[in-house]
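Visitor: I would like to see how this sequence folds:
(one chain, ligands or ions: 2)
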Amino acid sequence: MKILLFADPGIDDSLAIIYALLHPDIELMGIVTGYGNVSVYDATRNAAFLLALAGRTDIPVMRGASQPLSGTHTIFYPEIHGPEGLGPIIPPDSFKADISPFELMFEIIETNMEDIVIVDVGRQTSLAFAYNLRPELMEQVKEVYLMGGAFMVPGNVTDVAEANFWGDPIAVNVVLNKAKKVYITPLNVTNRAIVTRDIATYIFNQTRGPYKYLIPAVTNYYAAFYDEVMPGIDGSPVHDAFTLYFLLNKDKTYTIRRDVRVAIVDGNRGQSVADLRMVYEEPKFEHYIVMDFDYNDFLADFIRVNVGEEG
Ligand code: RIB
Ligand code: CA
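Guide: Ligands and ions are numbered 1, 2, ... in the order given. Down below sits the predicted model:
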């Protein structure tokens with residue numbers, strides 16, 4: 001499966017990048033970065049650094065949006081993701097990221113239109129720009145996967161809003177209205193995709209891969225934040241990596257088709273809305289929301305991919 005990944009690394013974005021690199025069935029075609037958990041500059045550097053750790057500098061990194069379409073002041077989250085976005089890890093000053101122009105993404109899509117999908121696990125601003133700049137091309141992309149939203153469950157940034165959809169609700173609505181087919185992995189499922197400290201230690205002990213030290217370091221850093229907001233889970237949800245798991249394991253999840261929209265007005269900003277009545281309006285768009293999954297299968301897959309074939 002060829003994937004163009006949009007991300008704002010960010011700890012769980014990093015785990016998603018690692019999952020994509022290590023998964024034998026994923027071909028990572030490029031990473032488009034954006035502001036979100038950290039600034040677009042830190043996010044870009046982190047993405048390039050993660051690729052370099054595995055010797056995969058052949059995969060292009062493209063710098064995307066630096067702020068939301070609304071132009072509102074952007075909040076970053078160093079207290080959650082670390083001062084530069086990789087928990088306790090700071091890429092050395094000597095590391096120079098090789099950045100490709102944003103427009104390269106259109107070339108990648110055009111050349112691979114038959115079998116490429118887009119996965120966006122950050123704020124959706126860069127993706128909305130892409131639909132604005134090249135609508136005739138982007139509207140042909142067969143599937144788009146978004147990590148975001150919270151459907152009739154609490155948000156994580158406000159009582160009703162999840163962070164990605166809250167960050168740029170205008171952009172999410174652009175994508176929802178323009179994309180051919182959208183799959184959404186909301187907090188309803190990603191909050192339950194928990195990787196515990198013990199699992200991170202287990203992966204550390206089992207693998208000889210390039211992320212041996214990084215995986216427990218970032219997971220434990222993230223877990224310290226979740227100790228405060230979700231006491232007792234002894235780990236952290238891996239929202240973004242779950243989205244990649246879903247993409248390859250749809251048949252093991254419970255997914256519903258409903259039209260989705262995101263509130264823009266203050267007060268409800270970022271709230272994701274879908275018609276969840278027993279008898280609901282016939283959907284007009286191809287929007288699919290993941291509502292349930294098999295946790296044990298997810299965890300076994302996450303461990304298998306991160307430990308790697310050679311262990
Ligand atoms: O709400 C979870 C999302 O917000 C994830 O993509 C995480 O990286 C944060 O940005
Ligand atoms: Ca993210």
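Visitor: Report the closest residue of the chain relative to ligand 1.
Guide: The nearest approach of the chain to ligand 1 comes at Ala163, 3.5 Å away (CB to the nearest ligand atom). Where C-beta positions appear, they are placed from N, C-alpha and C, glycine not excepted.
Visitor: what are the phi and psi values for that residue?
Guide: phi -60, psi -50 (degrees, to the nearest 10).
Visitor: Report pLDDT for it.
Guide: Looking at Ala163, its pLDDT is 97.
Visitor: How about Ile11?
Guide: 95.
Visitor: for Glu79, same thing?
Guide: According to the model, Glu79 scores 89 on pLDDT.
Visitor: contacting residues around it?
Guide: Each residue near Glu79 by CB atoms under 8 Å, 6 or more residues apart in numbering is listed here: Phe225.
Visitor: Just the buried residues of the host helix or strand of it, please?
Guide: Glu79 is part of helix 78-81 when elements are defined by DSSP states H and E. Using 16 or more other CB atoms under 10 Å as the test for burial, helix 78-81 gives 80-81.
Visitor: rewinding a little: how close does the closest residue to the residue of the chain closest to ligand 1 other than its chain neighbours get to ligand 2?
Guide: Spatial nearest neighbour of Ala163, chain neighbours left out: Val157 (4.7 Å); criterion: CB to CB, 6 or more residues apart in numbering. According to CB to the ion, to the nearest Å, Val157 stands 12 Å off from ligand 2.
Visitor: close enough to count as contact, Val157 and Gly270?
Guide: Yes - counting by CB atoms under 8 Å, Gly270 is a contact partner of Val157 at 6.8 Å.
Visitor: what touches both of these two?
Guide: In contact with both Val157 and Gly270: Trp166, using CB under 8 Å, 6+ apart.
Visitor: Compare neighbour counts for the two and give me the winner.
Guide: Taking other CB atoms under 10 Å, Val157 and Gly270 do not tie; Gly270 has more neighbours (24 against 17).
Visitor: The more buried one against Phe165, yeah?
Guide: Yes - the criterion here is CB under 8 Å, and Gly270 meets it with Phe165 at 4.7 Å.
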